[in-house]
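Novice: Quick one, fold the following:
(one chain, ligands or ions: 1)
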Amino acid sequence: MIEKIGIDKIGFYTPEFYLDLTELAHERDVDPNKFKIGIGQDEQAVVPLDQDVVTMAANAAVKILSADDLAEIDEIIFATESGIDQSKAGALYVQRLLGINPRARALEVKEACYGATAALQTAVDHLIAHADSQKVLVLGSDVARYGVATAGEVTQGAGAVAMLVTRQPRILALERTSAYFSEDIMDFWRPNYSDTAFAKGKYSTEQYLRFLDLVWHDYQAKTSAELADFAAVLFHIPYTKLGLKGLRQISADSNTELQESLLAQFTKATVFNRRVGNIYTGSLYLSLLSLLQNSDLPANARLGLFSYGSGAVGEFFTGTLQPRYQDVSQQVNVAEMLDQRQKLSVSEYETFFNQALPTDGSEMVITPISKNATFYLQGMTDHQRLYK
Ligand code: HMG
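Specialist: Just a heads-up that it's a prediction; the model follows:
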């Protein structure tokens, strides 16, 4: 019998500030229904200067890890496309901040929003290859930035997901067969000199749907699976409307009952994404958390997951919910975290957006802004970030 490996714990962190997209629509002279219905987003996380991808990842992980986990983690894989350093892995900062034992591998991976899926699959491979290894920590942390008053502005966001991958997982056991597809395309990218992303908006959405079509059909050809085998299908969610288009695409030939039940689960799986925005590599896993905390699917329900990272890589993979998933996935109360955030006006958001750390080695001391975070950025000196 194949040993079960998958997600045993899942945590999340998003900054304490948000922007109301109806207010943004009024300010940008756009019909609010374009943002709420056409894009399918209600609110957007805004990052203060004292949070970055390292602190967000540490804040997501600290909520779920026990002292035993810290001692037993054998590998830390940090997935991001908004990393703070070209050389050093974000995983090393997180290792120190959390007190994870030093006999662990620590590394960073990148492929746009696909990064956390690459990390998750690598974690599974690590556990298969190393019989003495018990736990791998997967982190997906990003800040999605397109720029003030750009077409992509409504699809910004920020946050981090932390997942503990183990044998005999208590949340989601991952199945071994998956279908993946990679191709060098320019739909979305961020050159080293830019702190905002470039996107060919409409083209990127077409590529997302093309990659979905390719990997879903490859998966079906490999496994003979049918859509009816899945209780829910989860998507990378750059904004909820695109996930909805993906669901409509793969369920177009299904009967009305199946279409309606998948749509009902999709709605539950995007409750949090509607309020956080795109968190790039963590977005699919925020959708998983949204499903886990808002749905009451039975144990053993099978999930399909579509991961997409621009550039581009797509993967369709699957898993089954485990008997204790409902208790174990409540370690972080995401709805409460979102309700406790502070709303910013559009001009306050623009001020936050334009704040930047020094790039010339000069010193900066940041007065703490995040009141509920365990970890935050204290400042910079000598080209180094100082964390607390
Ligand atoms: P846009 O040009 O502002 O939007 O860009 P639009 O004019 O295409 O309108 C969007 C939708 O709103 C349309 O619906 C309109 O009809 C509708 P659709 O045709 O799509 O069904 N609409 C309205 N609906 C109701 N009431 C109204 C109304 N007015 C219009 N009054 C775009 C939108 C998403 C392209 C832009 O925000 C953008 O460029 N975002 C960034 C790129 C992006 O998110 N791409 C997604 C695919 S790529 C991906 O997922 C990877 C990524 O996460 C990065 C990574 O991998 O690292 C981005």
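Novice: residues contacting the nearest residue to A112 once chain neighbours are set aside?
Specialist: Spatially, and ignoring its direct neighbours in sequence, A112 is nearest to G309 (3.5 Å; CB to CB, 6 or more residues apart in numbering). Backbone N, C-alpha and C define where each C-beta goes, glycine included. Residues counted as contacts of G309 (CB atoms under 8 Å, 6 or more residues apart in numbering) are E111, A112, C113, Y114, G115, T117, H236, T281.
Novice: By mean pLDDT, flag the weakest helix or strand of this structure.
Specialist: Least confident helix or strand, the chain: helix 325-328 with a mean of 95, by mean pLDDT, DSSP states H and E.
Novice: can you list the residues that contact it?
Specialist: Against helix 325-328 from outside (CB under 8 Å, 6+ apart): D8, K9, R170, I171, L172, L292, D296, A299.
Novice: Any idea what the second one is bridged to?
Specialist: When bridges are assigned using DSSP bridges, the partners listed for K9 are L164.
Novice: I'd say it and V161 touch.
Specialist: No - with contact defined as CB atoms under 8 Å, K9 does not reach V161; the gap is 11.1 Å.
Novice: Pull up the overlap in contacts between those two.
Specialist: With CB under 8 Å, 6+ apart, K9 and V161 have no common neighbours.
Novice: and those two? which has more neighbours close in?
Specialist: V161 (31 against 24; other CB atoms under 10 Å).
Novice: that's a helix at the more buried one, yeah?
Specialist: No - membership of V161 in a helix is not supported by DSSP: H, G, I helix; E, B strand; the rest coil, which gives strand.
Novice: I'd say it and A61 touch.
Specialist: No - at 9.4 Å, V161 does not count as touching A61 under the criterion of CB under 8 Å.
Novice: tell me which element the residue lying closest to A269 once chain neighbours are set aside is part of?
Specialist: In space, A269 comes closest to L291 once its chain neighbours are excluded; the distance is 3.9 Å by CB to CB, 6+ apart. Using DSSP states H and E, L291 falls within helix 283-294.
Novice: Check T55 too.
Specialist: helix 53-62.
Novice: related to what we said a few turns ago, packing partners of the helix holding L291?
Specialist: strand 5-13, helix 115-129, strand 157-167, strand 232-235, helix 256-268, helix 273-276, strand 302-309, helix 334-339 (3 or more CB pairs under 8 Å, 6 or more residues apart in numbering; DSSP states H and E).
Novice: do that helix and the ligand meet at all?
Specialist: No - taking CB under 6 Å from any ligand atom as the criterion, helix 283-294 and the ligand are apart, separated by no less than 6.7 Å.
Novice: burial measure for the residue of the stretch 1-150 of the chain found nearest the ligand, as a count.
Specialist: Per CB to the nearest ligand atom, G38 is where the stretch 1-150 of the chain lies closest to the ligand, at 2.0 Å. As a burial measure, G38 scores 14 neighbours (other CB under 10 Å).
Novice: Which strands and helices lie in contact with whatever helix or strand A91 lives in?
Specialist: A91 is located in helix 90-98, with elements delineated by DSSP H and E. The contact analysis (3+ CB pairs under 8 Å, 6+ apart) places helix 90-98 against helix 53-62, strand 73-79, strand 105-109, strand 135-144, strand 384-387.
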